[in-house]
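# Sequence plus the predicted model coming up.
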Amino acid sequence: MPESIDTAEKPESFNPVIINSEVGLQQQKIPDSIDTVEKSGNFGPTKIKCEEEQIEDFTIPSAKACGSPEKFPIGCNQLRFGEYLGIDDVLTLLQDDCSTPVKCIPLGRKSNVYFLVDNSQNIDRRRTNKLRIFWDDMGTWNETKQNYSQYVKSEKAFTMVYTPKIKNGAFCTRKKMPDSDQRGYHELSPQPDPKSVIKVGRYYATLKGNKLKKRISWIEDENAPPVALVEYKGETQECQVHGNSRKNKETYFRTHPNIMAEIKEKCPYIPANILYGKLQTEATDCTNRPRNPYQIHHTKYRTKHEQSDKKIYTKGGFADEMLQVFNMAQTSNFVKKVIHSEDSPPSIILYTAEQMIDLKNQCVTGNAVLGFDKTYNLGNVYVTAAVFKNMKLISGRTTDHPIFIGPLYLHHKSDTGTYKDFFNQLATSLGPDFTRLTVGTDNEIALHTAIESSFPKCTHILCLKHLKENLN
């Protein structure tokens, strides 16, 4: 946690204005625009008015059509000097029982503003070990991080405290040591009541392709008001298109989580095109509609595979088939290993002794590239195939070295651990020296990570075909 966030100096005249608060603080005059705020010299937290925009058609709107970045949304307050609020002001806002937060982060321009947002849904999500969701219309955020800090209230202000192990968990502050540039822990005397210590959670993010930064703060206490403080620091610029977009140059922003949940719930029973049209007709603005029909198709495909992975097989025939597969691992020269875990159907590794000899002679020696690629839509199972060129043969039809198929892997999951089961089996048969081995993939992250773990010191290259497709 940067010290400047918690110890920033604030002028004495700073009086935060709570959104729609009816008591406690004085309401400031609403300026016509940011320009009037700057010219008048009034840099305090200020209500900014916003003109609502109407969406007349059901085409997918850009982020600008959703209110960003031209209009300031209703309910926003101006950040002072373009910096995050100090901890005293943050806790004043979060602890005010009389505040009226907005239901969610509003649409519109977000340059040096903050909102007090209802956080009750995220509190319910955390009770079931689900992640918090703070959706907005600003595109894709990256460089995210989250941390927690503890504070106690002194006579003048809130002070950050620590509970280091070297002090046996006692509450301490950090101060500069005498005659040294280092900082050390100093125990508080008397020790504060643990119930009076306020635990504050913070979430930081930077908008992709922009300098706009976001900080979200909340109090980790069941008895605290269910609100979160959302701050945007910097000037809003035009958001970027989706990173995987090749043709569509529309500004990208994430689909609202509530819509994604509705799509996931209904897509198994309603055709994708019909569901897309229904949601488009019912939509009132860009926050409650799907991006395009392909989004529903992809969600339906992923949901189908998730249900397949969690499926509990009760038919008697499945037990017989499983027994047959395990017997093949003992008797067949092709079925080498069957991997079974509690939470998914079995994975199967297939290859012959002749294939491994070819791999050693052609790939491990550095004569040919060993390629791996996962295939889709072959049923309810993925097939990852190893391929290589046999440099000792030449095709009479193409006058090129023919492509041979190597080991095959049948699996239902595509995480790093699943791939490691496959590559560790191959490494045992091909190893131990992989310094001359060159492996080619389509740069799938889980596949790449597993290869680096199982084949240390090998050379990893990317498929030219996939690179060209990504550039186009």
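Received, thanks.
# State the mean pLDDT of the helix or strand encompassing residue 147.
Using DSSP states H and E, residue 147 sits within strand 141-153. Averaged across strand 141-153, pLDDT comes to 85.
# May I see the buried residues of it?
141, 149-152 (16 or more other CB atoms under 10 Å). Glycine gets a C-beta too; all of them are placed from N, C-alpha and C.
# Likewise for stretch 297-310?
In terms of neighbour count (16+ other CB under 10 Å), stretch 297-310 has its buried residues at 299-300.
# go on, stretch 277-295?
Using 16+ other CB under 10 Å as the test for burial, stretch 277-295 gives 279-280, 285-287, 289-291, 293, 295.
# could I get the residues you listed as TSV with secondary structure and pLDDT?
What follows is these, written out as TSV (DSSP: H, G, I helix; E, B strand; the rest coil; pLDDT from 0 to 100):
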residue	secondary structure	pLDDT
279	helix	88
280	helix	86
285	coil	71
286	helix	66
287	helix	67
289	coil	80
290	coil	84
291	coil	80
293	helix	85
295	helix	86
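# Let's verify residue 263: helix, strand, or coil?
With DSSP: H, G, I helix; E, B strand; the rest coil as the basis, residue 263 sits in helix.
# I misspoke; the intended subject was residue 98.
Look at residue 98: counting by three-state DSSP, its state is coil.
# ok, it - how many residues close by?
Neighbourhood size, residue 98 [other CB atoms under 10 Å]: 12.
# Relative to residue 115, how far out is it?
17 Å (CB to CB, to the nearest Å).
# which stretches of the stretch 251-400 of the chain have low pLDDT?
For the stretch 251-400 of the chain, the stretches with pLDDT under 70 are 251-252, 286-287, 307-319, 376-378.
# try it again with 90
251-333, 340-346, 373-382, 395-398 (pLDDT under 90).
# from the buried residues of stretch 277-295, which is closest to residue 187?
Of all those, residue 287 has the smallest distance to residue 187: 49.5 Å, by CB to CB.
# Tell me where the stretch 301-450 of the chain has helices.
Ranges of helices in the stretch 301-450 of the chain, per DSSP state H, counting those that start in this stretch, are 316-331, 353-359, 416-430, 445-454.
# Around the closest residue to residue 175 other than its chain neighbours, count how many other residues there are.
Counting by CB to CB, 6 or more residues apart in numbering, the nearest residue to residue 175 once its immediate chain neighbours are dropped is residue 186, at 5.3 Å. As a burial measure, residue 186 scores 13 neighbours (other CB under 10 Å).
# who are the neighbours in contact with residue 186?
172-175 (CB atoms under 8 Å, 6 or more residues apart in numbering).
# any idea how far residue 198 is from it?
From residue 186 to residue 198 the distance is 20 Å (CB to CB).
# Can you name the element that comes right after whichever helix or strand the residue nearest to residue 175 is part of?
Following DSSP H and E, the helix or strand that holds residue 186 is strand 183-187. Following strand 183-187 in sequence order, the next helix or strand is strand 198-207 (DSSP H and E).
# Render the CA-only coordinates of that following strand in CSV, please.
Extracted C-alpha coordinates of strand 198-207, given in CSV (Å, rounded to 0.1, in the frame of the first residue of the first chain):
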residue,chain,number,x,y,z
ILE,A,198,-11.6,-0.9,10.9
LYS,A,199,-10.5,-3.3,8.2
VAL,A,200,-10.7,-1.6,4.7
GLY,A,201,-10.5,-3.5,1.5
ARG,A,202,-9.2,-1.8,-1.7
TYR,A,203,-9.2,-2.8,-5.3
TYR,A,204,-7.1,-1.0,-7.9
ALA,A,205,-7.2,-1.2,-11.8
THR,A,206,-6.0,0.7,-14.8
LEU,A,207,-8.1,1.1,-18.0
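# buried stuff in it?
Residues of strand 198-207 classed as buried under the neighbour-count rule (16+ other CB under 10 Å) are 198, 200-207.
# out of those residues, who's nearest residue 384?
Taking the buried residues of strand 198-207 together and measuring to residue 384 by CB to CB, the closest member is residue 205, at 34.2 Å.
# Can you tell me, leaving aside adjacent residues, what's nearest to the closest one?
Nearest to residue 205 is residue 141, by CB to CB, 6+ apart, at 3.9 Å.
# Pairing partners for the one you found in the sheet, please.
residue 207 (DSSP bridges).
# ok so, going back, show me what the strand holding residue 147 packs onto, helices and strands only.
For strand 141-153, the elements it packs on are strand 158-161, strand 198-207, judged by 3 or more CB pairs under 8 Å, 6 or more residues apart in numbering; DSSP states H and E.
# Figure out how far the last one is from the centre of its chain.
The reference is to strand 198-207. 15 Å (CA atoms, centre = their mean, to the nearest Å).
# Make 143 the starting number, not 1.
Okay, residue one is now 143; in that scheme the one you just asked about reads as strand 340-349.
# hang on, the earlier thing: tell me the contacts of the residue nearest to residue 347?
By CB under 8 Å, 6+ apart, the contact list for residue 283 reads 347-350, 356.
# Farthest-apart pair in these, please.
By the measure CB to CB, 350 and 356 form the most distant pair in those, at 11.7 Å.
# More neighbours: which of the two?
Legend: neighbour count by other CB under 10 Å for residue 350 and residue 356, higher for residue 356 (22 against 16).
# what's in contact with the helix or strand hosting that one?
Taking DSSP H and E as the criterion, residue 356 maps to strand 355-361. With CB under 8 Å, 6+ apart as the test, strand 355-361 has contacts from 226, 232-233, 236-237, 261, 264, 276, 278, 280, 283, 340-349, 367, 369-376.
# For it, give the mean pLDDT please.
Confidence for strand 355-361, expressed as mean pLDDT, is 93.
# go on, stretch 234-251?
86.
# Check stretch 556-568 too.
Mean pLDDT, stretch 556-568: 93.
# Just the buried positions in it, please.
For stretch 556-568, by 16+ other CB under 10 Å, it's 558, 560-565, 567-568.
# now do stretch 544-552
546, 548-552.
# Over to stretch 317-337?
So, applying 16+ other CB under 10 Å, buried residues of stretch 317-337: residue 327.
# got it, and stretch 481-496?
Applying 16+ other CB under 10 Å to stretch 481-496 flags 481, 486-487, 489-493 as buried.
# got the contact list for the nearest residue to residue 596 once chain neighbours are set aside?
What sits nearest to residue 596 in space, not counting adjacent residues and going by CB to CB, 6+ apart, is residue 565, at 3.5 Å. Residues counted as contacts of residue 565 (CB under 8 Å, 6+ apart) are 592-593, 595-597.
# And residue 525, by the same measure?
Neighbours of residue 525 in contact, by CB under 8 Å, 6+ apart: 516-517, 550-552.
# try residue 245
259-260.
# Show the backbone phi and psi for it.
phi -70, psi -40 (degrees, to the nearest 10).
# three-state assignment of the closest residue to residue 278 other than its chain neighbours?
For residue 278, ignoring the flanking residues on the chain, the nearest one in space by CB to CB, 6+ apart is residue 247 at 4.5 Å. Here residue 247 is recorded as coil under three-state DSSP.
# Residue 553 versus residue 247, what's the distance?
For residue 247, the distance to residue 553 - CB to CB - is 40 Å.
# now do residue 562
Per CB to CB, residue 562 is found 11 Å from residue 553.
# Residue 295 reaches residue 303, doesn't it?
No. Between residue 295 and residue 303 there is no contact under CB atoms under 8 Å: 10.7 Å.
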